[in-house]
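Visitor: Got a predicted structure plus its sequence, pasted below:
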Amino acid sequence: MGNKVIHKSKTIYRDLNPTWDEDFDVTVDDLGTPLQVRVFDYDWGLQDDFLGSALLDLNRLDVNKLKAVTLELYSDECDGLQGYIDLAATLYVKCEEEVVDNKNQTSKINEQARKLKVQIWSSVVNILIIEGKRLVDKEGDPLSKPYLRLRLGNEKHKTKSATWNTSCTAVTWLEQFDFHLFEEQTHLLEIHLFDKDPKGKEEAVGRAILDLTDIEGELTHSLTCQFQNGLIGSVSLLVTISGTTASETISDLSSTIPDALEISTLQTRYALYRTLENTRDVGHLSVKVFRATGLASTDIGGKSDPFCVLQLVNSRLQTQTEYKTLNPNWNKIFTFNVKDINSVLEVTVYDEDRDHRVDFIGKVCIPLLRIRNSQKKWYVLKDRKLRCRAKGSNPKILLDLDVTWNYLRASFNTLQPKEKKYIEPEVKFSRHTFIRNVMRIKTVVMDIIQLGKFIESCWEWDSTLRSIIAFVVFLLVTWYFEPFVLPLMLLFYFLHSFLFRSFGNANLNEYESDGSVEDDDDDPDDKNKEEKKSLKEKLQAVQEVTLTVQHALGTIASLMESVKNTFNFSVPYLSYLAIFLLMVASLVLYAIPLRIIILGWGINKFTRKLLRPHSIPNNELLDFMSRVPDDEEMADYREIRTEVTADAADKSARRGTRRK
């Protein structure tokens, strides 16, 4: 009842007409919530097969009168009637003493259900451990190798031993864990701090308690927990409670009605005339997750238990788990606070196992600047590398995205340091990645060589008309050159790309592909596990060097490709912002002498530390370029076209024939 298991019958073996003869009581708060009866076939060691379900409308029952009811079992995955369930139900009013007794009985049933592993968790608590500060022992000395043990109910997790930073003020963990909340369990998260000395001896140092009862769900909270027992120290973490299974939540689409007043308030909040009120609050993102189809089977029985995770930088929310289905219906709505309009929404579908482990099913990355508001759209799920279609029968997910943002705040934050993402995939050396980065560098270098050959051809008079035009431009620019001309020259390149994009035949912004591109970037195989330790150490040293070279090549290639994509209008908003900044730079250079600008820049650099000791040094140009996606990221964001079925193709052909 209400997505909570209230009774589980015994198993009747080898029988298509089982007789249970069992009875139970349940407290009903709302007669509008039906009683759901679900029937399974027990398989030892495997996933139980779902046979069918039926709903009992409590409004059909009479008070203090036993009523026999026959329910018809149906299944979404099978057509036709699946069987019958005969039961008798009585609806009666209870006094206060009986209500207390019933609560005690319900508690015992829940405890028994938990032991039998039949209780459904109500929500998921995602904990991201960031760092600990001023962690000292009872004598005031810094801890050697501190680590944490976390416990919520019967679930436990342990972090790795962390080391101090160079200033010995904080230790960093950056580890993420998931806990499951049940209805009848405590909502107190216990955080135990341990220290491991050089001899390997472990000692409990401190303890902190975090009460999750008052934490708002479906929202990521940044919290700091102080340790008890007189310990001077704290731990910083991100806490998110999501994945609720109850249907009476604010994130349920079936109970959500668009509010015109709320929409108007949201638009007023991010209006241009209110830009200076809160510059860090760039926008508001609303994501409606409807359903998915064609998912891959990860269980032995040919089904999956999928749930969907949405992540925007460090904010992470998820849906409930739909069991034993390849076409789940989540019908949830989530909201995110946007701090950077250049961020990317990651939507990942996982399969939940009984031991709370997860299997990857598919993923899609959606840049916020590509969102078209209030448009219901199917997104094809990709594999882990975001290049090919994920496994399954054309797996896709139906989303409705809506983002409201302030353009001026977004422009201001684009020139600020980018928010750091705490959890990033581990980077390992890969021969294919190394070769691909080299080829990326080669492509950019070849473009520069071609530009050099073009300039040389103007000097060699290979084309008389082109050489005359180049010579006249050189004389005019050299004779009348002023500092404000340089940004204007870049503006002319923007004009060239814009005209080529608008009227040319080439498509500079290919957002879609058919998903047929194959990527052979496989992780290196461990074929030499029996080698000697000394040889392993040598290979590890070589791997560290090649990994550094690989990262350097990737960084250079990424920067060059970002510059190219800025001029190619790959992200129109950033290109228009660059045009505006270049125009402002031209006006500043035109109105203010260059020596005054250089003087102001030098004074700012020399006095920054004195006037703003806690300011973070940054390069506005590099901060802007970090927002422009390179070619690899553009490939990650490219959407895969949905497959057209044979029936749809025949209908389209018939319509075309009729028109002719």
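Guide: Happy to help now that I have it.
Visitor: and stretch 13-23, how far from the chain's centre?
Guide: 45 Å (C-alpha atoms, centre = their mean, to the nearest Å).
Visitor: which residues of the stretch 151-300 of the chain fall in helices?
Guide: In the stretch 151-300 of the chain, the helices defined using DSSP state H, counting those that start in this stretch lie at 260-269.
Visitor: So what are the structural domains in the protein, by residue number?
Guide: 1-119, 123-242, 253-414, 484-522+534-640 (automatic domain parsing).
Visitor: average pLDDT for the longest one?
Guide: Right, the one you point to is domain 253-414. Taken as a whole, domain 253-414 has a mean pLDDT of 88.
Visitor: Name the helix or strand of the chain that has the lowest mean pLDDT.
Guide: Every helix and strand of the chain was ranked by mean pLDDT, DSSP states H and E. The lowest is helix 96-115, at a mean of 49.
Visitor: Format the CA atom coordinates belonging to the helix or strand sitting right after that helix along the chain as CSV.
Guide: Where DSSP states H and E defines the elements, the next helix or strand beyond helix 96-115 is strand 123-133. Output of strand 123-133 as CSV, limited to C-alpha atoms (Å, rounded to 0.1, in the frame of the first residue of the first chain):
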residue,chain,number,x,y,z
SER,A,123,14.8,6.9,-0.5
VAL,A,124,18.5,7.0,-1.2
VAL,A,125,21.0,9.2,0.7
ASN,A,126,24.0,10.2,-1.4
ILE,A,127,27.0,11.3,0.7
LEU,A,128,30.0,13.0,-0.9
ILE,A,129,32.9,13.4,1.5
ILE,A,130,35.0,16.4,0.5
GLU,A,131,37.6,17.2,3.1
GLY,A,132,38.4,17.4,6.8
LYS,A,133,39.9,20.5,8.5
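Visitor: Use 145 as the first number from now on
Guide: Sure, I'll start counting at 145 from here, so that last one is strand 267-277.
Visitor: chain center to strand 267-277: distance?
Guide: Centroid separation between strand 267-277 and its chain, computed with C-alpha atoms, centre = their mean, is 16 Å.
Visitor: Quick check: neighbours of it in the sheet, parallel or antiparallel?
Guide: Here strand 267-277 is paired, per DSSP bridges, with strand 314-325 (antiparallel), strand 378-386 (antiparallel).
Visitor: Minimum distance to residue 705: which of the ones you listed has it?
Guide: strand 314-325 (27.8 Å; C-beta to C-beta). C-beta: built from backbone N, CA, C; applies to glycine.
Visitor: I'd like the distance from the closest residue in space to residue 552 that isn't next to it in sequence to residue 687, if you could.
Guide: Once flanking residues are discounted, residue 552 sits nearest to residue 419: 4.4 Å by C-beta to C-beta, 6 or more residues apart in numbering. The gap separating residue 419 from residue 687 is 49 Å, by C-beta to C-beta, to the nearest Å.
Visitor: Also residue 234?
Guide: 72 Å.
Visitor: Tell me which helix or strand comes right after the strand or helix carrying residue 612.
Guide: Using DSSP H and E, residue 612 maps to helix 608-623. Next helix or strand after helix 608-623 toward the C-terminus (DSSP H and E): helix 629-647.
Visitor: Which secondary structure elements does that following helix sit against?
Guide: helix 677-711, helix 716-735 (3 or more C-beta pairs under 8 Å, 6 or more residues apart in numbering; DSSP states H and E).
Visitor: Okay, strands next: where are they in the stretch 395-544 of the chain?
Guide: For the stretch 395-544 of the chain, the strands defined by DSSP state E, counting those that start in this stretch cover 427-439, 450-456, 459-462, 473-482, 488-496, 502-511, 519-524, 536-549.
Visitor: Residue 275: which of those is closest?
Guide: strand 459-462 (17.9 Å).
Visitor: got the contact list for that closest one?
Guide: Counting by C-beta atoms under 8 Å, 6 or more residues apart in numbering, strand 459-462 makes contact with 268, 270, 272, 362-364, 382, 384, 386-387, 451-455, 478, 480-481, all of which sit outside it.
Visitor: Now that we have those residues, which of them are buried?
Guide: By neighbour count, with 16 or more other C-beta atoms under 10 Å, the contacts of strand 459-462 hold 268, 270, 272, 362-364, 382, 384, 386-387, 451-455, 478, 480 as buried.
Visitor: Endpoint to endpoint, stretch 429-448 covers what distance?
Guide: With C-alpha to C-alpha, to the nearest Å as the measure, the ends of stretch 429-448 fall 29 Å from one another.
Visitor: before we move on, the earlier item: dump the domains of the chain into CSV; add distance to residue 622 as well.
Guide: Shown next, in CSV, are the domains of the chain (distance: least, C-beta to C-beta, whole Å):
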stretch, distance to residue 622
domain 145-263, 75
domain 267-386, 50
domain 397-558, 35
domain 628-666+678-784, 10
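Visitor: With respect to burial, which of the ones you listed scores highest?
Guide: domain 397-558 (a mean of 18; mean count of other C-beta atoms under 10 Å).
Visitor: Please look at residue 297 and residue 323 and confirm they touch.
Guide: Yes: using C-beta atoms under 8 Å, residue 297 is in contact with residue 323, at 7.4 Å.
Visitor: Quick one: mean pLDDT for stretch 614-627?
Guide: For stretch 614-627, the per-residue pLDDT averages 78.
Visitor: I'd guess residue 776 is in a strand, am I close?
Guide: No: residue state for residue 776 (DSSP: H, G, I helix; E, B strand; the rest coil) corresponds to helix; a strand is not indicated.
Visitor: For this protein, list the residue farthest from the centre, please.
Guide: Relative to the centre of the chain, and counting by C-alpha atoms, centre = their mean, the farthest-placed residue is residue 608 at 56.3 Å.
Visitor: What distance do you get for that one to residue 615?
Guide: 11 Å.
Visitor: got it, and residue 156?
Guide: To residue 615, residue 156 is 96 Å away according to C-beta to C-beta.
Visitor: Next: residue 600.
Guide: Distance from residue 600 to residue 615, by C-beta to C-beta: 14 Å.
Visitor: Which of these two has more residues huddled nearby?
Guide: residue 615 (13 against 10; other C-beta atoms under 10 Å).
Visitor: Identify the residue nearest that one in space, chain neighbours excluded?
Guide: residue 602 (7.6 Å).
Visitor: tell me the secondary structure for that neighbour?
Guide: Applying three-state DSSP: residue 602 is helix.
Visitor: Does it touch residue 614 like I think?
Guide: Yes: using C-beta under 8 Å, residue 602 is in contact with residue 614, at 4.1 Å.
Visitor: hmm, back to that, save the strands of the stretch 395-544 of the chain as JSON lines, and put in distance to residue 180 too.
Guide: Output for the strands of the stretch 395-544 of the chain, formatted as JSON lines (distance: least, C-beta to C-beta, whole Å):
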{"stretch": "strand 427-439", "distance to residue 180": "20"}
{"stretch": "strand 450-456", "distance to residue 180": "20"}
{"stretch": "strand 459-462", "distance to residue 180": "23"}
{"stretch": "strand 473-482", "distance to residue 180": "15"}
{"stretch": "strand 488-496", "distance to residue 180": "20"}
{"stretch": "strand 502-511", "distance to residue 180": "26"}
{"stretch": "strand 519-524", "distance to residue 180": "29"}
{"stretch": "strand 536-549", "distance to residue 180": "25"}
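Visitor: I'd like to know which of the ones you listed is closest to residue 171.
Guide: Comparing the strands of the stretch 395-544 of the chain by C-beta to C-beta, strand 473-482 comes nearest, at 27.1 Å.
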